[in-house]
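>>> got a predicted model here, sequence first, then my questions.
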Amino acid sequence: MVSLQSKIQEFMSENIRVRFAPSPTGPLHIGGVRTALYNYLFAKKAGGKMILRIEDTDQTRFVPGAEQYIMEAFKWCGIQFDEGINEGGKYGPYRQSERKNMYADYVEQLLKSGNAYYAFDTAEELDTYRKAADTDKQTFIYNTESRKKLHNSLNMSEADVKKLIADGTPYVVRFLIPENTSVEMKDLIRGEISVKSETLDDKVLYKSDGMPTYHLANIVDDHLMKITHVIRGEEWLPSLPLHVLLYQAFGWNMPQFAHLPLLLKPDGNGKLSKRDGDRLGFPVFPLQWKDPKSGETSSGYRENGYYPAAFVNMLALLGWNPGSEQEIFSMDELIEAFSLERVGKSGSKFDPEKAKWFNHQYLIKKTDQEIAEEWIAWLKSEKQLEITADKALKIVGLIKERVQFVHELWNEAIFFIEAPESYDEKVVKKRWKAESPNQMESLAQQLETITDFTASAVDEKVKSWITDNELSMGAVMNALRLLLVGAPKGPHLGDIMEVIGKTESLSRIREGIHALQS
RNA sequence: GCUCCCAUCGUCUAGUCAGGUCAGGACGCCAGGUUUUCAUCCUGGUAACAGGGGUUCAAAUCCCCUUGGGAGUACCA
C-alpha cells in the first residue's frame, strides 16, 4: 500500500533538479568539488536529477583541457550526472556557448519591459571612473545616481540610441536596478536576507561581444532547465539580490537558494587557494593538472595516493555533519544522511592532517589482498620492481597499519626487499657491543639448523638460545635487528626473517658482522 | 571605504531554531601501558563558548553594541 502522501512526495522529489555549473577556466578546486558533491547528495537523496552545465560565456578565459579535467575528476570521485555535456538530456545544449543565440530574446524582453537599458560607456571610461573613485577612497558603482550622468539609453532619445547602434557602436545591456526598494531573499542555509536596492549596481547582462554575462545566462538557463535548487558557494551571495530581481523582472518562479560556506586556508585567513597547497604541501585539486600555458604542474589527490572514497568522505564532512558521531561514510551512506539543514554557516579551514587520517581509515579497511595488488602495481611502475604476490601479501599484512598511503609502504618495507646498506649509528653505539659479533655468529649457526624457516620456528630457536646462554632479550634482539634491518624499526623479527628467507637472513647477519668490524 | 555573510578546543565540529547535564566527539599534540625496535593498538590528559551590555530564577543558546574573520564590489565566473 502506498499512501497518497508518499506518492505526492515521490512526485515532488522526482522533480528536484540541481546543477553544478563550472567555468572551464582551469582545474576544479576542491571547494568546487565539495559544492558539486553537496548538490549531488541533495539530488540523490531526493531522488532528483543532477545536471552539469558548462558556463563558458567568457571566451577569453577558455582553457583547453579544462572541460575534460572536470569530467574526469567527477568520474574519479564517483559523482554521476543525469544530464550534461556528455550525458545529454532534453534541456540541452548544456554548454552556454552553444546556447548563445537563446539569450538575445531574453535581453530583448528585459529591454522592452524597461528592466534593462543600453550603455555605451567603454571599458576604458569605466576604468577611469573606478580609479578616480579609488583615489578618493570611494567605490564607483553604476547605480541609481551615477547612471544619470553616464553614457546610456536612459539619458538619450530613442532615435539617438538607434543611430548609435546602427553605426556599430559597441554597447552592453545593463539591468536597471529599481529605486528605493528592499530586496527580500531567503537562503536555505542562512535564512532571510534583505538588501536595499540603492546599494546594488546595474550589472551588465549582455556584453559587447554578443555573449551574456554569468548573471543573465545563469538565470535564463536555470529557468529553462527547470532547476529547483541552486546550491553554490558563498562567493555568490552578494549577487543573489540581482538574481532575485532578475527572476522578478522576467516574472518567473525562483528556485530555492543555498549558499555554502567557503573552504579556508589551513593557517591564517582567507579562501583556500592553489598557492596554499604549494606552500603547505597538499593538493588543492582532485586530479593533477598541467597548465597548458605555463607548463606548471599542480598536484592532485588521485596522484598523491588518495582513495576517491576517502577524498569524498573527507570533503563531505568539511562544512556538513551528520549530527551523530559517525565519521566514515560511503557515498550511499552520505546520500542517506545528507541534509542542507546540517550544513554549517561558517567557513571551514582545510586540515591536511585529517585528510590523511581519512585515507588511512580507508586503507586499513581494505583486505591485504587488495592492498598487495595496488602495491605490486606501484612497485612495477615506480621502482621497476617485481615481487611475488605471496611476498607482497605477507609484507602488506605486516606493515599496512603504519602507512596512510600505498606508496608509503615502500619506506616501511624496503628491508624486506633489500639488505641494509648502512647501519644506524645511534643503534650501533647503543646495541653493538664487543661480544656482539661472536654472539650473532653463534645465533646464526643456530638458525642454520632450522629446516622449516617460519616465524614461529625462528622465534623458538632464538628464545631458547637466549635462555641457554643467559642473555637478555633486549640486547640480543636489538643487535639482531640492527643486522637485519639496519635501523630501529620494522615489525617482529621472526616475521621479517620468514619473509626474506633463511639464506638472506643468514647472509645479512654475517655481512653485518663483517661490516661493523671495520 | 561600501554591501552582505559569519563567530564553541590549534583544526573539523555536536549542543543554538523550541534557554536549565562537570560544554560531547574526531584530528593533532602530550603522558602512561603493551612490545625485541619503530609504528600500530589501548588508557588517560591537554584545550573552546571573542568581549561587553541587556532579557530571564537561569544564556554557548534570545536581543543589542563592539571586536575579529570572510566574501563581493569586472563587458570573470
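Perfect, I can see it now.
>>> pull stretch A:435-454 out as PDB, backbone CA atoms only.
The C-alpha trace of stretch A:435-454 is given here as PDB (Å, rounded to 0.1, in the frame of the first residue of the first chain):
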ATOM      1  CA  GLU A 435      80.700  -9.500  22.400                       C
ATOM      2  CA  SER A 436      78.100  -8.900  19.700                       C
ATOM      3  CA  PRO A 437      80.000 -10.400  16.800                       C
ATOM      4  CA  ASN A 438      80.600 -13.700  18.500                       C
ATOM      5  CA  GLN A 439      77.000 -13.800  19.800                       C
ATOM      6  CA  MET A 440      75.500 -13.100  16.500                       C
ATOM      7  CA  GLU A 441      77.600 -15.700  14.700                       C
ATOM      8  CA  SER A 442      76.700 -18.200  17.300                       C
ATOM      9  CA  LEU A 443      73.000 -17.400  16.800                       C
ATOM     10  CA  ALA A 444      73.400 -17.600  13.000                       C
ATOM     11  CA  GLN A 445      74.700 -21.100  13.500                       C
ATOM     12  CA  GLN A 446      71.600 -22.000  15.500                       C
ATOM     13  CA  LEU A 447      69.300 -20.500  12.800                       C
ATOM     14  CA  GLU A 448      71.100 -22.500  10.200                       C
ATOM     15  CA  THR A 449      69.800 -25.700  11.700                       C
ATOM     16  CA  ILE A 450      66.200 -24.700  11.100                       C
ATOM     17  CA  THR A 451      64.800 -26.600   8.200                       C
ATOM     18  CA  ASP A 452      61.300 -25.100   8.000                       C
ATOM     19  CA  PHE A 453      62.200 -21.400   8.300                       C
ATOM     20  CA  THR A 454      58.900 -20.000   9.700                       C
END
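>>> how about that stretch: buried residues?
Buried residues in stretch A:435-454, counted by 16 or more other C-beta atoms under 10 Å: A:436, A:437, A:439, A:440, A:443, A:444, A:447, A:453. For glycine as for every other residue, the C-beta is placed from the backbone atoms N, C-alpha and C.
>>> just stretch A:411-426 next, same as before
For stretch A:411-426, by 16+ other C-beta under 10 Å, it's A:412, A:413, A:414, A:415, A:416, A:420, A:423, A:424.
>>> hang on, residue A:383 packs against residue A:410?
Yes. Between residue A:383 and residue A:410 there is a contact under C-beta atoms under 8 Å: 7.2 Å.
>>> which SS state does the closest residue to RNA strand B within the stretch 401-518 of chain A fall under?
Going by C-beta to the nearest atom of the strand, RNA strand B is nearest to residue A:488 of the stretch 401-518 of chain A, at 2.7 Å. Put simply, residue A:488 is coil when judged by DSSP: H, G, I helix; E, B strand; the rest coil.
>>> may I have the phi/psi pair for it?
phi -80, psi 60 (degrees, to the nearest 10).
>>> how much space between it and residue A:417?
Distance check for residue A:488 against residue A:417: by C-beta to C-beta, to the nearest Å, it reads 19 Å.
>>> on that earlier part again, I'd like the buried residues of stretch A:411-426 laid out as a markdown table, including pLDDT, distance to residue A:41 and secondary structure.
Formatted as a markdown table, the buried residues of stretch A:411-426 follow (pLDDT from 0 to 100; distance: C-beta to C-beta, whole Å; DSSP: H, G, I helix; E, B strand; the rest coil):
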| residue | pLDDT | distance to residue A:41 | secondary structure |
| --- | --- | --- | --- |
| A:412 | 92 | 36 | helix |
| A:413 | 93 | 38 | helix |
| A:414 | 93 | 41 | helix |
| A:415 | 94 | 44 | helix |
| A:416 | 95 | 42 | helix |
| A:420 | 93 | 50 | coil |
| A:423 | 92 | 53 | coil |
| A:424 | 90 | 49 | coil |
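>>> around RNA strand B, pick out the residues from the stretch 51-200 of chain A.
The interface of the stretch 51-200 of chain A toward RNA strand B, taken as C-beta under 7 Å from any atom of the strand, is made up of A:55, A:57-58, A:61, A:121-123, A:126, A:130, A:137-142, A:170, A:172, A:190-191, A:193-196, A:199.
>>> buried only: go through those residues for me.
Applying 16+ other C-beta under 10 Å to those flags A:55, A:57, A:58, A:121, A:126, A:140, A:141, A:142, A:172, A:190, A:193, A:195 as buried.
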